[in-house]
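# just need the structure, nothing else, for what follows:
(one chain, ligands or ions: 1)
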Amino acid sequence: MTEPLLEIQGIHKRFGGLHALNDVSLSIKRGEIYGLIGPNGAGKTTLFNVLTGLYQPDEGKFTFNGKDLFRQKPHVVVGSGIARTFQNIRLFANMTAKENVMVGRHVRSGAGVFGAVFRPPAAKREEAAIHARAQELLDYVGIAARHNELARNLSYGDQRRLEIARALATDPTLLALDEPAAGMNPKETDDLKKLMEKIRKDGVTILLIEHDVKLMMGLCDRIAVLDYGKKIAEGVPEVVKNDPRVIEAYLGVAPE
Ligand SMILES: Nc1ncnc2c1ncn2[C@@H]1O[C@H](COP(=O)(O)OP(=O)(O)OP(=O)(O)O)[C@@H](O)[C@H]1O
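Okay, here's the model as predicted:
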C-alpha cells in the first residue's frame, strides 16, 4: 500500500459554541479526485481553511506528503505543495490574466524583492521564465488568448479558470478547489470537468468541494459527506449516493 498523500485525523474546529468540524478524519490517495459534499453550513469550506492554514484547528492531526502541517501558516502549506481556489473568486481584478498567474508563480521564484527592483541578469532570466510559464498555464486552462485582459473583464467561467491557473503556478501536488463550477452554465461545467480530468492525468491530486452532485458523481473517485461538522459517509460515488444517512442529510427526512 502506498502512503496516503493527505491524512487528517480527528480534526476539531469550534467557533464559540458552534462545533464547525467535529472529529473529521479522511485520507486522500495520490492521483485521486476526492470530493467533499454536504448541505450548506456543513463545514466544507472550514475544512479547506484548516487545511490551507487560514484557520487554526483546535485538535487533530494533519500530515501531507509525509510532513506534519498541523497549524502551519498558509505560506508553509503552499510551499509544501497544497494550492487552493476560493468559493468567492479572489483575483486581482485590475491586473491582467497573465499578471494574476505570475503572482502565483512568484511564490516559487527565488528572485525576491532585491531581484525585482535591481534586476540583475539572473533575475531578468527568472522573470522571463515566469512570463513564459504564466502564458503556458493560461494556455493549459484554455484562456491563452485573454492573457492581456484585465481579470475583471473576463467572463465568470474564465475567471474560475484563471484562478485554477494561478493555483497551478505554485506547482502543487494537491489542488483544492472550492466550488469551481458555481455559477457556470452546463457547457462551462462540462469543460471544467475535462480540465480537472486533465490536471489529474498530469499528476496533480484534486480535492474538490462542489454542490453540483451530478458533476461530483461523474468525476470523483471517492466522496466524503459532511453534515453539521461530522463526516457521515465516505466511499465511491455509487455507494455514497445511496447511503440513507446522505439522503436524509440532503432531504431532511429518512428515506422510506
Ligand atoms: N469565521 C467564522 N466564524 C464563525 N463561524 C464560522 C466561520 N466560518 C464558518 N463558520 C460557521 O461554520 C459553519 C460551517 O461553515 P462552512 O462555510 O464551512 O460550511 P460549508 O459546508 O462550506 O457551507 P456552504 O456550502 O454554504 O459553503 C457554519 O455554521 C458557518 O456559519
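# contacts and neighbour counts: CA atoms only from here.
OK.
# who are the contact partners of Arg152?
Arg152 makes contacts with Ala93, Asn94, Gln159, as judged by C-alpha atoms under 8 Å, 6 or more residues apart in numbering.
# can you check the pLDDT for the residue of the stretch 51-200 of the chain found nearest the ligand?
The ligand sits closest to Gln87 of the stretch 51-200 of the chain, with a gap of 7.4 Å, by C-alpha to the nearest ligand atom. Listed pLDDT for Gln87 reads 82.
# residues near it, how many?
16 (other C-alpha atoms under 10 Å).
# hmm, it is touching Pro180, no?
Yes. Gln87 is within contact range of Pro180, at 7.1 Å (criterion: C-alpha atoms under 8 Å).
# show residues contacting stretch 206-224.
So stretch 206-224 is contacted by 31-38, 44-45, 174-182, 189, 193, 196-197, 200, 231-238, 240 (C-alpha under 8 Å, 6+ apart).
# for it, list every residue counted as buried.
206-211, 216-217, 219-220, 222-224 (16 or more other C-alpha atoms under 10 Å).
# specify the local secondary structure of the residue of the stretch 51-200 of the chain closest to the ligand.
coil (DSSP: H, G, I helix; E, B strand; the rest coil).
# with adjacent residues omitted, what lies nearest to it?
Asp178 (5.0 Å; C-alpha to C-alpha, 6 or more residues apart in numbering).
# so what pairs up with that neighbour in the strands?
Ile209 (DSSP bridges).
# so which helix or strand of this protein has the lowest pLDDT on average?
The weakest-scoring helix or strand in the chain, judged by mean pLDDT, DSSP states H and E, is helix 112-118 (a mean of 57).
# next SSE after that helix?
helix 121-141 (DSSP states H and E).
# so which bits of this structure are right by the ligand?
Phe15, Ala20, Pro39, Asn40, Gly41, Ala42, Gly43, Lys44, Thr45, Thr46 (C-alpha under 6 Å from any ligand atom).
# now render those residues as CSV, adding pLDDT, neighbour count and distance to Ile130.
Shown next, in CSV, are those (pLDDT from 0 to 100; neighbours: other C-alpha atoms under 10 Å; distance: C-alpha to C-alpha, whole Å):
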residue, pLDDT, neighbour count, distance to Ile130
Phe15, 96, 9, 40
Ala20, 97, 22, 39
Pro39, 91, 16, 40
Asn40, 90, 13, 39
Gly41, 92, 13, 39
Ala42, 94, 20, 39
Gly43, 96, 25, 36
Lys44, 95, 25, 33
Thr45, 95, 19, 31
Thr46, 96, 19, 32
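# which of the contacts of stretch 206-224 are buried? Put it as a PyMOL command.
Buried subset of the contacts of stretch 206-224, written as a PyMOL selection, criterion 16+ other C-alpha under 10 Å:
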select buried, resi 31+32+33+34+35+36+37+38+44+45+174+175+176+177+178+179+180+181+182+189+193+196+197+200+231+232+233+234+235+237+240
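# in strands, which of the contacts of stretch 206-224 fall?
33-37, 174-178, 231-235 (DSSP state E).
# just those now: which is nearest Ile130?
Nearest to Ile130 among these is Leu175, at 20.0 Å by C-alpha to C-alpha.
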